[in-house]
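In: sequence and predicted structure, then a few things I'm wondering about:
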Amino acid sequence: MKVFALGASSSKKSINKALASYAASQIRDAEVDVLDLNDYQMPIFSLDIEEEIGQHPLAKRFLDKIAAADAIIISYAEHNGSYTAAYKNVFDWASRINLKVFQGKPALWLATSPGPGGAQNVLSSAVNSAPHFNADLVGSLSVPAFYDNFNTSTNTLVNPDIQSKLDKLLQLLQEKSGVRTSAEETPL
């Protein structure tokens, strides 16, 4: 199973990248492609720039990464109650090439923040817009107070309730992808 994982932040120490990477690593036998938004730096999207340069090759590459995946995991960082500028820009460029950015792939949306809100505002926006952009969303999970619930030394969730919720969502994601792991295959 190929998993596209993204922390929707350009921070080098992104807690959302850590969460997305961790979640993807919990899928047995998964081949995980963790993207870094810093590899997709493009001019701020505008119609004028698009007319001048056309479709940006980095936006095409972003869409190709999604196309190659069996499932998508994105953990959304929240800036002022919304998407980060870095994510929004990549998304805007990509959506001009294909409005169905997520290409019908099974998807899991996560979000976290250092505070008690757990980036719920941006997560709600992402969940509500998922059908419009053709994500087959299996669910979403907000992780509040990241540093209380995630051990950054071992890169693991330490809250058993959150881990249990994540496990259930990852199982749904795997089932929806239709890809069987080697552990599920029956010997002949």
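Out: Cool, the structure landed. Small disclaimer: the values here were computed from a predicted structure and weren't measured.
In: what about Asn151, how many neighbours?
Out: 10 (other C-beta atoms under 10 Å). Bear in mind the C-beta positions are built from the backbone N, C-alpha and C, glycine included.
In: could you measure it against Ile74, distance?
Out: Taking C-beta to C-beta, to the nearest Å as the measure, Asn151 falls 22 Å from Ile74.
In: ditto for Phe146
Out: Taking C-beta to C-beta as the measure, Phe146 falls 16 Å from Ile74.
In: which residues sit in contact with Thr112?
Out: Applying C-beta atoms under 8 Å, 6 or more residues apart in numbering, one finds that Thr112 lies in contact with 15-16, 19, 75, 118-119, 142-144, 146, 150.
In: for Ala68, same thing?
Out: With C-beta under 8 Å, 6+ apart, Ala68 has these contacts: 2, 4, 33.
In: just give the closest residue to the last one, not the sequence neighbours.
Out: Distances taken as C-beta to C-beta, 6 or more residues apart in numbering place Phe4 nearest to Asp33, at 5.6 Å, with adjacent residues excluded.
In: what strands flank the helix or strand encompassing that neighbour, and is each parallel or antiparallel?
Out: For Phe4, the host element (DSSP states H and E) is strand 2-8. Counting by DSSP bridges, the strands paired with strand 2-8 are strand 31-35 (parallel), strand 71-76 (parallel).
In: I would like the residues contacting the helix or strand following the shortest one, please.
Out: Moving toward the C-terminus from strand 31-35, the first helix or strand encountered (DSSP H and E) is helix 47-53. Counting contacts by C-beta under 8 Å, 6+ apart, the residues outside helix 47-53 that touch it are 43, 96.
In: CA-only coordinates of helix 47-53 in PDB, if you can.
Out: The C-alpha atoms that make up helix 47-53 are tabulated as PDB, following Å, rounded to 0.1, in the frame of the first residue of the first chain:
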ATOM      1  CA  LEU A  47      -4.400  34.400 -12.500                       C
ATOM      2  CA  ASP A  48      -1.800  36.900 -13.900                       C
ATOM      3  CA  ILE A  49       1.100  34.700 -13.000                       C
ATOM      4  CA  GLU A  50      -0.700  31.600 -14.300                       C
ATOM      5  CA  GLU A  51      -1.300  33.400 -17.600                       C
ATOM      6  CA  GLU A  52       2.400  34.300 -17.700                       C
ATOM      7  CA  ILE A  53       3.900  30.900 -16.800                       C
END
